[in-house]
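Novice: Sequence unavailable; structure follows:
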């Protein structure tokens, strides 16, 4: 009887996993059907006003990073902060997934030599279906809208704490007029993902493994937007959606036709994964 009970429990667990997987597939299918249609309707509206940027010799870059506590947090943030120290006119917005600002991250920022803003909020409250850092990313956007003048010549770039960034990438970011895109290395089993053929600043060909027919098939590390777009489209936010990046760009009325592509040849940012260590506490 004990053996049969175990078999029954195993079968029930397998059926439960299969049911959840089917529900997720159906949700993704629905998104893949309706999201591009919604984006087209949304962008028929004109922004309430057009922002005129006060030009500077070099626009400032606001880097928005979500981070959470784990063994590799400090090593990854240390590596990233030492890359960012080489970037002129850069402001780091670091948001912790935490009820309180931690001593570890506070000390790292204080010793980093960077211009920074340290924020915190808890993710998954209320629970999200797809995006684990939903609240922290939205907090970063809100801080920019509340603290950066609409006329400031500034670029917003979302920086994950576990990616590897070439310094040359930040030269590409600074060339952004409204929204720009580039390739990201080592994504979803591909050597690179994003725009692979460009001409006269326009993308002619895209490469993506997952859902290549997305509004804009790009990874979070593969685009930047000028701050004026956040004010021209104040309703634009990240959604708890599987195509979060594409949906966000769509809410800013960025399309495949109008996104800027100045460099489709070089890979300047990579998804790099560090093996989680086994630690005895």
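Specialist: Received, thanks. All values reported here derive from a predicted model rather than from experimental measurement. Residues are numbered from 1 along each chain as shown.

Novice: use CA for all of it now, contacts and neighbours both
Specialist: Fine.

Novice: List the contacts of stretch 243-253.
Specialist: If you take CA atoms under 8 Å, 6 or more residues apart in numbering as the criterion, stretch 243-253 is touched by 35, 39, 42-43, 131, 214-220, 229-230, 233, 235-239, 241, 255.

Novice: Can you select the buried ones from the residues you listed in PyMOL?
Specialist: Of these, the buried ones go into a single PyMOL selection, burial set by 16 or more other CA atoms under 10 Å:
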select buried, resi 35+39+43+131+214+215+216+217+218+219+229+230+233+236+237+238+239+241+255
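
Novice: and the longest strand anywhere in the chain, which residues are buried?
Specialist: Ranked by residue count under DSSP state E, the longest strand found in the chain is strand 190-199. Buried residues in strand 190-199, counted by 16+ other CA under 10 Å: 192-196, 198.

Novice: Next, the angle from the helix or strand following that strand to strand 190-199.
Specialist: Proceeding N to C from strand 190-199, the next assigned helix or strand is strand 202-207, under DSSP states H and E. Interaxial angle, strand 202-207 versus strand 190-199 (axes from the mean of the first three to the mean of the last three CA atoms, to 10 degrees): 160 degrees.

Novice: ok now the following helix or strand past strand 202-207, how far from the chain's centre?
Specialist: Downstream of strand 202-207, the first helix or strand assigned by DSSP H and E is strand 223-226. Distance, stretch centre to chain centre, for strand 223-226: 11 Å (CA atoms, centre = their mean, to the nearest Å).

Novice: From the contact counts, what lies against strand 223-226?
Specialist: strand 154-158, strand 179-181 (3 or more CA pairs under 8 Å, 6 or more residues apart in numbering; DSSP states H and E).

Novice: will you turn these into JSON lines that also has mean pLDDT and distance to residue 146?
Specialist: Shown next, in JSON lines, are the helices and strands packed on strand 223-226 (pLDDT from 0 to 100; distance: least, CA to CA, whole Å):
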{"stretch": "strand 154-158", "mean pLDDT": "97", "distance to residue 146": "14"}
{"stretch": "strand 179-181", "mean pLDDT": "97", "distance to residue 146": "21"}
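
Novice: Contacts only, for the residue lying closest to residue 273 once chain neighbours are set aside.
Specialist: Leaving aside its chain neighbours, residue 273 sits nearest to residue 162 (6.8 Å; criterion: CA to CA, 6 or more residues apart in numbering). Applying CA under 8 Å, 6+ apart, one finds that residue 162 lies in contact with 76-77, 80, 271-274.

Novice: quick one: which of these has the most company?
Specialist: Counting neighbours by other CA atoms under 10 Å, residue 77 comes out on top of the contacts of residue 162 with 21 neighbours.

Novice: did I read that right, that one in a strand?
Specialist: No - per DSSP: H, G, I helix; E, B strand; the rest coil, residue 77 lies outside any strand segment and is helix.

Novice: continuing past the lowest-mean-pLDDT helix or strand in the chain, what's the next helix or strand?
Specialist: Lowest on mean pLDDT, DSSP states H and E among the helices and strands of the chain sits helix 2-42, with a mean of 52. Remark: after helix 2-42, the chain's next helix or strand is strand 60-67, criterion DSSP H and E.

Novice: Direction included, what does that following strand pair against?
Specialist: Sheet pairing of strand 60-67 (DSSP bridges) gives strand 90-97 (parallel), strand 154-158 (parallel).

Novice: Report the distance from that strand to the chain centre.
Specialist: 10 Å.

Novice: same thing with stretch 180-196?
Specialist: 14 Å.

Novice: residues contacting residue 92?
Specialist: 62-65, 114-117 are the contacts of residue 92 under CA under 8 Å, 6+ apart.

Novice: Tell me the pLDDT of it.
Specialist: Note for residue 92: predicted pLDDT of 98.

Novice: Bridge partners for it, pull those for me.
Specialist: Bridge pairing for residue 92 (DSSP bridges) gives the partners residue 63, residue 116.
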